[in-house]
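> My questions concern the predicted model and sequence given below.
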Amino acid sequence: MFRSAGGHVARALTIAGSDSGGGAGIQADLKTFAAFDVYGLSVLTALTAQNTLGVQGVLAAPPEFVALQMQSVFDDVGADAVKTGMLGERAVVEAVAQSLSARGVRSLVVDPVMVAKGGERLLAEAAVAALQDHLLPLAAVVTPNIPEAEALCGRSIRSWDDAFQAAQDIWHAGPAVVVIKGGHAQAGWSLPPAPGLRASGGGGALDTTMLSADLVYDGTSFTVLAAPRLPTANTHGTGCTYSAAIAAGLARGLPVLQAVAVAKAFVHEAIASARDWDVGSGHGPTDHSVHPAFTSAVPGPGWYVWQDGQWCNLSDVNLHERE
């Protein structure tokens, strides 16, 4: 278990729903915390009957009981970082935000879980406004995918230029850092050239068809973290895992950009390790037993590609070698 120089055991709390299939939700979060050598705590917002084929049922926890779980955790053990996942209803969002605000939680990662991979809605439409108004202003990091980013900013995202604008719009709602996950980006989308770019056609825009690129915006600078897309259906729970990994990095004391970079690399390697797994017959889980690459830091804002186990500045990468 990771300890600080003073002997403090790093701990992270997940506030989310359960996944009976074990690939997402609370189960994925706790597995991720363990992979990062962080002590994991949990507050359940809902039980789901769920497997790799979809969600068959949801049983929500009363908001009062969600608040009581949080009180139990904070009154005794405490948490160095917190992540939220599936919250479900407006009253739960408000109860969670009130408790976190009262405790002065700073290292909060908000994964605005709205829809499951199978299409089932996991956040009531009435709860979206509550999340924007009450939870985002408390967040150190918010991690929407593209459909979630559209809901949060109120505009369509049909290109990377749209995504850059959406990140800025969401940032104005209060989170310190916005991470727009690019897994839903369409073929043919092109990123604008990075400063000093010398790759892929002599410095032109970067086609991300074969890359899963995420935008990181801190109110001043953009960073792009791109990893190769992998041919596999085993991607269930990647959003939960990503946000949990960021929270675990923050609990260990990593700066936000480094926590995001380590988390992105961890998710890529977890997908790669499980791409041939036969767990379930739908969207299978990823391998949470891979080891985080804590040395996979980035020196600062920029455009980066995950290659050969490290983040490489795009200006130093020959993308044609990857084709």
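Looks like it arrived, so ask away. Residues are numbered from 1 along each chain as shown.
> Give the buried residues for stretch 281-289.
282-288 (16 or more other Cβ atoms under 10 Å). No exception for glycine: its C-beta is placed from N, CA and C like everyone else's.
> whoops, I mixed them up, stretch 224-244
Buried, per 16+ other Cβ under 10 Å, within stretch 224-244: 224-227, 229, 234-244.
> before we move on, back to that, farthest-separated two in the buried residues of stretch 281-289?
282 and 288 (18.2 Å; Cβ to Cβ).
> Output the lowest mean pLDDT helix or strand found in the chain.
helix 200-203 (a mean of 39; mean pLDDT, DSSP states H and E).
> what's the next secondary structure element after it?
strand 206-207 (DSSP states H and E).
> roughly how far out does that following strand sit from the chain middle?
Relative to the centre of its chain, strand 206-207 is centred 23 Å away, using Cα atoms, centre = their mean, to the nearest Å.
> what helices or strands is that strand leaning on?
Helices and strands touching strand 206-207, by 3 or more Cβ pairs under 8 Å, 6 or more residues apart in numbering; DSSP states H and E, are strand 190-191.
> strands paired with the strand it packs on, and their directions?
Applying DSSP bridges to the sheet, strand 190-191 is found paired with strand 206-207 (antiparallel).
> show me where the stretch 51-200 of the chain has helices.
Remark: helices assigned in the stretch 51-200 of the chain by DSSP state H, counting those that start in this stretch are 63-76, 90-103, 125-130, 146-153, 160-171, 200-203.
> export the ones you listed to JSON lines and tack on mean neighbour count and distance to residue 301?
As requested, these are exported to JSON lines (neighbours: other Cβ atoms under 10 Å; distance: least, Cβ to Cβ, whole Å):
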{"stretch": "helix 63-76", "mean neighbour count": "16", "distance to residue 301": "34"}
{"stretch": "helix 90-103", "mean neighbour count": "20", "distance to residue 301": "28"}
{"stretch": "helix 125-130", "mean neighbour count": "15", "distance to residue 301": "29"}
{"stretch": "helix 146-153", "mean neighbour count": "21", "distance to residue 301": "20"}
{"stretch": "helix 160-171", "mean neighbour count": "19", "distance to residue 301": "13"}
{"stretch": "helix 200-203", "mean neighbour count": "13", "distance to residue 301": "18"}
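> a markdown table for those helices, including distance to residue 313?
Output for the helices of the stretch 51-200 of the chain, formatted as a markdown table (distance: least, Cβ to Cβ, whole Å):
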| stretch | distance to residue 313 |
| --- | --- |
| helix 63-76 | 40 |
| helix 90-103 | 36 |
| helix 125-130 | 37 |
| helix 146-153 | 25 |
| helix 160-171 | 19 |
| helix 200-203 | 13 |
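> Quick one, which of those helices gets closest to residue 37.
If you check each of the helices of the stretch 51-200 of the chain against residue 37 by Cβ to Cβ, helix 63-76 wins as the nearest, at 19.4 Å.
> which of the helices of the stretch 51-200 of the chain has the lowest average pLDDT?
Per-stretch mean pLDDT for the helices of the stretch 51-200 of the chain is lowest at helix 200-203 (a mean of 39).
> And stretch 17-34, end to end?
Across stretch 17-34, the terminal residues are separated by 18 Å (Cα to Cα, to the nearest Å).
> Need phi/psi at the closest residue to residue 86 other than its chain neighbours.
Take residue 86 and drop its neighbours on the chain: the residue closest to it by Cβ to Cβ, 6 or more residues apart in numbering is residue 17, 3.6 Å away. Here is the backbone geometry of residue 17 (degrees, to the nearest 10): phi -90, psi 160.
> Compute the number of surrounding residues for residue 17.
Number of residues near residue 17 (other Cβ atoms under 10 Å) recorded here: 28.
> same thing with residue 220?
By other Cβ under 10 Å, 7 other residues sit near residue 220.
> and it, how far is that from residue 167?
12 Å (Cβ to Cβ, to the nearest Å).
> Can you pull the residues that touch both of the two?
Listed contacts common to residue 220 and residue 167 are nil; contacts here mean Cβ atoms under 8 Å, 6 or more residues apart in numbering.
> Cool, thanks, talk later.
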